[in-house]
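Peer 1: 3D model of this:
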Amino acid sequence: MNVRSLKHSGGGSYTGLKSGLILAAILLNVALIMTGESLAWLREYPEAWVWGIAGATTTAVKYFVNDLAIGGVSVAEMTRGFANLIKVPMLVLQGILSEGFEFYGDNGDATIYRGLPWPAVIVGLTAFSWWAAGRNVALFSLFSLVYFLVFGLWQSSMLTLSSVVVAVFVSFVLGILLGILGYRNARANAILMPIYDVMQTIPTFSYLVPVLLLFGFNPVAAMIATVIYAMPPMARVTTLALQRVPPNIADFGDMAGCTKRQKMWQVMLPAARQNLLIGLNQVIMLTFAMVIIASVIGAGGLGGEVYQGLKALRIGDAVEAGIAITLMAIMLDRISKAIALSRPDHVEAAPSAMWQRHPLIFGWIAIALLLILLGQIFPSLYAYPKAATISTGSFWNDAITWIGDTYYSQIKALRDTTITYIMRPMKSFLLDVPWTGFIAVIAAISYAIGGRRLAIMSASLLGFIAVTGYWDGAMVSLYLVLLSVIVALIIALPVGIWAGLNPRVDHVVTAIIDTLQTLPSFVYLIPVVMLFSVGEFAGLVAIVAYSLPPGVRYTKQGIQNVARSSIEAGDMAGCTRWQKLMNVQLPLAIPDIMLGVNQTIMFAFGMLVITALVGTRGQEHDTLVAISKVQPGEGIVAGLGIAFLSIITDRLISQGSRNFQRRSGLSQR
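Peer 2: The predicted structure follows:
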């Protein structure tokens, strides 16, 4: 009797087969651990069998970049010429906002044109915030800009703002173009979607190395790496938004005699405007997530300030720059969300003078011109006096010293206990599990959840990690992610349930998790390093903090989305609050909770790569080492290992959630 007939002959037989496969895989591990040295290769993958994919990839990439030439011009020369073109709008924007422009004549004399005075930039961005998002966001923008100024971070902030604006624009345009391609061509979309998966799951450090080789050590290379990371969500959103445009709107374009291009750009995209702007908001936040990572290859700006502060253990400087990044991210997040949620005004304006229709624009132009004239008399309008800046560096350093002295024994006890009784045993267990047995267990679980195709995929991806020689590093990364997710869910699930049941708690919790999700991932390292120094425990705390918000959000959402009729049915049955929660609300909220678990795991993998900078030693460390040694093959292969672990986890959780919904009749809820 084959598997197909087992499915039809009885669910119990097929369920028994799946349970038997998992049990057999577990017993295989026990047997392998007890075998002698003759079968040691089944426990530890032999170094002699490692495929030299990483080295071959490095050789191929370096040949492609340095030796391959088209018409006598090497690929590196072409890509760096392209980088110089991309650099122009970033330098122009940076020059306008702060640094000005220098032009050299034939005799070597420099002509300097100043940019806008800092008060003009503050007034302009505040006015734009008011127009886009209202008074409260404008006040927050004003506070943020003044913070950049008085803390001596104006130049760095304007550099970061310039690079973010250009990167967001490029990501937005590329995302729309690829999204349109995916909408128009199903085959192209089928090819692009797995590419987007890899682009979003492969650690960012992995593609910093080839980008560095192609475009050099400069802000443009960092911006291109940012585009690679931030563009896929925009492309996905564009394809999905176009697919959701009502058919009657597309028919209207045909009836109006539009060409294919006109219908797309003048009918379909405007109809999908709301979703496209939500995609833009995602691009902005992902771009900020790359700000500090990109500083590793020369991005500079606020990310460079944080990175250098952490490297030199100048925690106070890193904190100030980290707060600046957070303020800028929140400011742009609030502005973009307001624009995304706004509705276009189709009411025809009464004829009037242009300055009456756009008073903010013309008012700002007048103020800017006045400030430019005054700047000739008062130089401080162009360069904020250094003597007027303030610093909280000593405060943060003193705070660290005080916390370390006051709570040293408690912090040390927490760290040592966690490492000794939880982290070290779990790490040793995963490292001791035979690689063949581990693959067998995951393949059996994959088969039980998703069938043969998922089992083959899981076994193949894990096999790739083994044959490329990164198995131990992958197990270290996996243990850190699994432990972090367990801790995060222990905190997130009760908090999410509490917030879902209590509107007052919901109001407070939502504000906290909104703020936490706005923080760039790198910023989480600052308080962690301040309190716990470096090492795997610091990495654990950072991953937990970063991956906590989605678990809380989706659990809360699941509880709140339970139909009122279901709750009333529980009341009519005489259930207590506890019985109603356990027997009605939680079972119906399981699909949303499982989505939260999935997102918590994905966030944990995303933060894992950043923790390499505070001393974790899994595959994320290998990708960081690859940057320092300029070994793109090692970085790519190690990064693919982490991507494959996250893809396997994602598929298992997603398929398990679908199975649960199907069995419980919740798929149409």
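Peer 1: tell me which element Met158 is part of?
Peer 2: The secondary structure element spanning Met158 is helix 154-184 (assigned by DSSP states H and E).
Peer 1: as a whole number, average confidence for that helix?
Peer 2: Taken as a whole, helix 154-184 has a mean pLDDT of 88.
Peer 1: Report all helices and strands that that helix contacts.
Peer 2: For helix 154-184, the packing partners by 3 or more CB pairs under 8 Å, 6 or more residues apart in numbering; DSSP states H and E come out as helix 75-94, helix 186-201, helix 219-243, helix 273-289, helix 301-311, helix 315-341. Yep, even glycine has a C-beta here, placed from its N, CA and C like the rest.
Peer 1: mind checking which of these is nearest Phe603?
Peer 2: With distances scored as CB to CB, the stretch of these nearest to Phe603 is helix 273-289 (10.8 Å).
Peer 1: who touches the closest one?
Peer 2: Helix 273-289 has contacts (CB atoms under 8 Å, 6 or more residues apart in numbering) with 164, 167-168, 171-172, 175-176, 226, 229-231, 233-234, 236-238, 240-241, 244, 269, 325, 328-329, 332-333, 336-337, 339-341, 344, 517-518, 520-522.
Peer 1: And the average pLDDT for it is what?
Peer 2: Rounded to a whole number, the mean pLDDT of helix 273-289 is 76.
Peer 1: From the contacts of helix 273-289, list just the buried residues.
Peer 2: 164, 167-168, 171-172, 175-176, 226, 229-231, 233-234, 236-238, 241, 269, 325, 328-329, 332-333, 336-337, 340, 517-518, 520-522 (16 or more other CB atoms under 10 Å).
Peer 1: thinking again about what came up before, can you say which of the helices and strands packed on helix 154-184 is nearest to Pro550?
Peer 2: When the helices and strands packed on helix 154-184 are compared for distance to Pro550 using CB to CB, the nearest one is helix 273-289, at 13.3 Å.
Peer 1: the inter-axis angle of the closest one versus helix 301-311?
Peer 2: Our comparison of helix 273-289 with helix 301-311, counting by axes from the mean of the first three to the mean of the last three CA atoms, to 10 degrees, yields an angle of 30 degrees.
Peer 1: Just after helix 273-289, pick out the following helix or strand.
Peer 2: helix 291-294.
Peer 1: by contact count, what packs against that next one?
Peer 2: Helix 291-294 is packed against helix 204-215, helix 219-243, helix 301-311, with contacts defined by 3+ CB pairs under 8 Å, 6+ apart.
Peer 1: ok, now with 6 Å
Peer 2: Helices and strands in packing contact with helix 291-294 are listed as helix 219-243, helix 301-311; criterion 3 or more CB pairs under 6 Å, 6 or more residues apart in numbering; DSSP states H and E.
Peer 1: to the chain's geometric centre, what's the distance from the shortest one?
Peer 2: Which is helix 301-311. For helix 301-311, the separation from the chain centroid amounts to 19 Å (computed by CA atoms, centre = their mean, to the nearest Å).
Peer 1: in it, what counts as buried?
Peer 2: Of the residues in helix 301-311, Gly301, Leu302, Gly303, Gly304, Glu305, Val306, Tyr307, Gly309, Leu310 count as buried by neighbour count, 16+ other CB under 10 Å.
Peer 1: what would the residues you listed look like in TSV with distance to Lys556 and pLDDT?
Peer 2: Listed next are these as TSV, based on distance: CB to CB, whole Å; pLDDT from 0 to 100:
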residue	distance to Lys556	pLDDT
Gly301	35	81
Leu302	32	83
Gly303	32	80
Gly304	37	80
Glu305	35	82
Val306	31	80
Tyr307	34	76
Gly309	35	77
Leu310	33	71
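Peer 1: Just the strands from this protein, written as ranges.
Peer 2: Under the criterion DSSP state E, strands of the chain are mapped to 69-70, 73-74, 101-104, 110-113.
Peer 1: a markdown table for those, including mean pLDDT and distance to Ala127?
Peer 2: Putting the strands of the chain into a markdown table (pLDDT from 0 to 100; distance: least, CB to CB, whole Å) gives the following:
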| stretch | mean pLDDT | distance to Ala127 |
| --- | --- | --- |
| strand 69-70 | 76 | 48 |
| strand 73-74 | 78 | 46 |
| strand 101-104 | 72 | 24 |
| strand 110-113 | 70 | 24 |
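Peer 1: Let me have those strands in TSV, extended by mean neighbour count.
Peer 2: Conversion of the strands of the chain to TSV gives the following (neighbours: other CB atoms under 10 Å):
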stretch	mean neighbour count
strand 69-70	10
strand 73-74	12
strand 101-104	10
strand 110-113	8
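Peer 1: now these as JSON lines including distance to Gly558?
Peer 2: Written out in JSON lines, the entries for the strands of the chain read as follows (distance: least, CB to CB, whole Å):
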{"stretch": "strand 69-70", "distance to Gly558": "55"}
{"stretch": "strand 73-74", "distance to Gly558": "55"}
{"stretch": "strand 101-104", "distance to Gly558": "54"}
{"stretch": "strand 110-113", "distance to Gly558": "57"}
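Peer 1: right, and these - which one's nearest Met158?
Peer 2: By CB to CB (comparing all of the strands of the chain), the closest turns out to be strand 101-104, at 13.9 Å.
Peer 1: Quick one: distance of the closest one to the chain centre.
Peer 2: Between the mean C-alpha position of strand 101-104 and that of its chain there is a distance of 38 Å (CA atoms, centre = their mean).
Peer 1: go on, stretch 194-201?
Peer 2: Per CA atoms, centre = their mean, the centroid offset for stretch 194-201 relative to its chain is 12 Å.
Peer 1: How about residues contacting that stretch?
Peer 2: Pro232, Ala643, Ser646, Ile647 (CB atoms under 6 Å, 6 or more residues apart in numbering).
Peer 1: Kindly format the C-alpha coordinates of that stretch as PDB.
Peer 2: In PDB, the C-alpha atoms belonging to stretch 194-201 read as follows (Å, rounded to 0.1, in the frame of the first residue of the first chain):
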ATOM      1  CA  PRO A 194      12.100  33.100  -4.800                       C
ATOM      2  CA  ILE A 195      14.700  35.700  -5.600                       C
ATOM      3  CA  TYR A 196      12.900  38.200  -3.300                       C
ATOM      4  CA  ASP A 197      12.900  35.500  -0.600                       C
ATOM      5  CA  VAL A 198      16.600  35.000  -0.900                       C
ATOM      6  CA  MET A 199      17.300  38.800  -1.000                       C
ATOM      7  CA  GLN A 200      15.300  39.300   2.200                       C
ATOM      8  CA  THR A 201      16.500  36.200   4.100                       C
END
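Peer 1: quick one on the thing from earlier: buried residues, the helix holding Met158. List them.
Peer 2: For helix 154-184, a neighbour-count test (16+ other CB under 10 Å) marks 154-168, 170-172, 174-176, 178-183 as buried.
Peer 1: Measure how it sits relative to helix 273-289, angle-wise.
Peer 2: For helix 154-184 against helix 273-289, the angle by the same axes, to 10 degrees is 130 degrees.
Peer 1: Please report how far Gln585 lies from Gln560.
Peer 2: Applying CB to CB, to the nearest Å, the value for Gln585 to Gln560 is 10 Å.
Peer 1: Understood, closing this out.
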